[in-house]
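>>> Sequence and predicted structure, then a few things I'm wondering about:
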Protein chains: 2
Amino acid sequence: MGEKKQYKSEAFAAVHETMDALHQIGAIDKKTMRSFDKACLETLTGIKPEAIRKLRKRENVSQPIFATYLNVSRNLVSDWERGVKKPGGPALRLLSVVQKHGLDALA
Amino acid sequence: MGEKKQYKSEAFAAVHETMDALHQIGAIDKKTMRSFDKACLETLTGIKPEAIRKLRKRENVSQPIFATYLNVSRNLVSDWERGVKKPGGPALRLLSVVQKHGLDALA
DNA sequence: TAATATATCACACTATATGTTATAGTTCAA
DNA sequence: TTGAACTATAACATATAGTGTGATATATTA
């Protein structure tokens, strides 16, 4: 039903558009559509402390500024980069988005 | 130093570009630049349970799919929408991004 | 001198994960 | 039409660890 998903690549997104069109004209059923969607969803892996620091420096911002973007405390970013604490769940998704599209994607 | 920030509006972003250019040619110093940046950073407010549900329905996805996008558990989305639990920090930022740019922004 | 960035620590909180059960709607085949 | 299988959602309990707050200290920078 035109559900928006998250894909492993733009290629997957393109394929999904085709699948979606096929579904809308009745060529494929809902169940097939659902299982297809699930297969296309991306799985998130962890990120290493140094990778976080590199990412932040790539974006050329300080820890406080970086923290404000992600809506977390400044100390947390410091802890992440030193491996004291590890980002998970929503924070991991945010970092992934920044990796792919930059901090501007959060604006 | 061309730092990338998060702005309250596109107008702010435009103004920042100008400020950035002025800084690069030495018209303004680093300190002024920093304080300007801080003033432009957006403050995140909470989001009501119904707003989360509306947002998800606007994106036309189920709770499990929505959860996968945000990289949270399926039950958590249910709890958010019923007001049992409230998203904060990184999760709030993610929801804000989806509100402004849609789920595709997380792809 | 003053402001900023970063590191570091202690403490408390709650957001989140995980697992389970139940109900209802949908799909598909017998 | 019936029923089995799958999906979505709600609901609850438990445990974890991610996160926030506040403070201090050092080094850098305006």
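Sure, I can see it. Values in this document were obtained by computation on a predicted structure and should not be read as measured data. Numbering: from 1, shown residues only, chains lettered A, B, ... in the order given.

>>> A:Leu103 and A:Ala67 touch, don't they?
No - here A:Leu103 lies out of contact with A:Ala67, judged by CB atoms under 8 Å, at a distance of 11.6 Å. Every residue, glycine included, has its C-beta placed from N, CA and C.

>>> For A:Lys85, which three-state class applies?
Secondary structure assignment for A:Lys85 (DSSP: H, G, I helix; E, B strand; the rest coil): coil.

>>> That one reaches A:Leu76, doesn't it?
Yes - using CB under 8 Å, A:Lys85 makes contact with A:Leu76 at a distance of 6.7 Å.

>>> More neighbours: which of those two?
Ranked by neighbour count (other CB atoms under 10 Å in any protein chain shown), A:Lys85 and A:Leu76 place A:Leu76 first, with 18 against 15.

>>> Check the secondary structure at that one for me.
helix.

>>> Show the contacting residues for A:Leu55.
Shown in contact with A:Leu55 (CB atoms under 8 Å, 6 or more residues apart in numbering or on different chains): A:95, A:98-99.

>>> I'd like to know how far it sits from DNA strand C.
13 Å (CB to the nearest atom of the strand, to the nearest Å).

>>> tell me which element that residue is part of?
Using DSSP states H and E, the element containing A:Leu55 is helix A:49-58.

>>> Pretty sure A:Val61 sits against A:Leu103.
Yes - with contacts defined as CB under 8 Å, A:Val61 counts as touching A:Leu103 at a distance of 6.9 Å.

>>> Go through the helix holding A:Leu55 and flag the buried ones.
For helix A:49-58, a neighbour-count test (16 or more other CB atoms under 10 Å in any protein chain shown) marks A:49, A:52-53, A:55-56 as buried.

>>> and of the residues you listed, the nearest to DNA strand D?
Proximity of the buried residues of helix A:49-58 to DNA strand D was ranked by CB to the nearest atom of the strand; the top entry is A:Ile52 with 10.7 Å.

>>> So the closest one versus A:Glu81, what's the distance?
According to CB to CB, to the nearest Å, A:Ile52 and A:Glu81 sit 5 Å apart.

>>> Check A:Val61 too.
Distance, A:Val61 to A:Glu81, using CB to CB: 13 Å.

>>> got a pLDDT number for the closest residue in space to A:Val84 that isn't next to it in sequence?
Distance criterion CB to CB, 6 or more residues apart in numbering or on different chains; nearest residue to A:Val84, sequence neighbours excluded, is A:Ser78 at 7.9 Å. pLDDT for A:Ser78: 94.

>>> From what I see, A:Ser78 and A:Gln63 are in contact.
Yes - applying CB under 8 Å as the test, A:Ser78 and A:Gln63 come out as touching, 5.7 Å apart.

>>> mind checking which helix or strand of chain A has the lowest mean pLDDT?
Every helix and strand of chain A was ranked by mean pLDDT, DSSP states H and E. The lowest is helix A:30-40, at a mean of 50.
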